[in-house]
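**Student:** This is a predicted model, with the sequence first.
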Amino acid sequence: MTSSSTPRKGLSKIACNRLQKELVEWQVNPPAGFKHKVSDNLQRWVIEVNGASGTLYANDIYQLQVDFPEHYPMEAPQQRPADNDRYVKNCKNGRSPKETRWWFHDDKV
């Protein structure tokens, strides 16, 4: 493992066993449109998601990073982007991020 993929805290034995079981299940029967990128870090999964057909996102591939906590499954995994705290802090008028209007820029369109 490289230092960038080293988890902050090691997994408990229960979490390790559960994640190994779930990974095998995922590899045998993956959800449609999702692919697990193989790595040596059981605590951090990188998942590729295909954009939905018939939408602006079709034919694009997105990556999700899921970090499993030390005591998974008793604690939920996280999926937060690196700039999440800055985004939440700067939400318009201190409103919930769920109430924020979204836009994106794509120079291919």
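**Tutor:** Now that the structure is in, tell me what you want to look at. Given the structure is predicted, the values throughout are model-derived calculations rather than measurements.
**Student:** which stretches of the protein form strands?
**Tutor:** Here the chain has its strands, by DSSP state E, at 34-37, 44-50, 61-67.
**Student:** okay, and for this structure, where does confidence drop off?
**Tutor:** Confidence mapping of the chain against pLDDT under 70 gives the ranges 1-8, 87-88, 90-109.
**Student:** What is the longest helix of it by residue count?
**Tutor:** Identified as the longest helix of the chain according to DSSP state H is helix 13-28.
**Student:** How far off centre is that one?
**Tutor:** Using C-alpha atoms, centre = their mean, to the nearest Å, the mean C-alpha position of helix 13-28 is found 16 Å from that of the whole chain.
**Student:** got the CA coordinates for it in CSV?
**Tutor:** Output for helix 13-28, consisting of C-alpha atoms alone and laid out as CSV, is shown next (Å, rounded to 0.1, in the frame of the first residue of the first chain):
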residue,chain,number,x,y,z
LYS,A,13,-12.1,-7.9,12.5
ILE,A,14,-15.9,-7.8,12.1
ALA,A,15,-15.6,-4.9,9.6
CYS,A,16,-12.8,-6.7,7.7
ASN,A,17,-14.8,-10.0,7.5
ARG,A,18,-18.0,-8.2,6.4
LEU,A,19,-16.2,-6.1,3.7
GLN,A,20,-14.4,-9.2,2.3
LYS,A,21,-17.8,-11.0,2.1
GLU,A,22,-19.5,-7.9,0.4
LEU,A,23,-16.6,-7.5,-2.0
VAL,A,24,-16.9,-11.2,-3.1
GLU,A,25,-20.7,-10.7,-3.6
TRP,A,26,-20.1,-7.5,-5.6
GLN,A,27,-17.6,-9.2,-7.8
VAL,A,28,-19.9,-12.2,-8.5
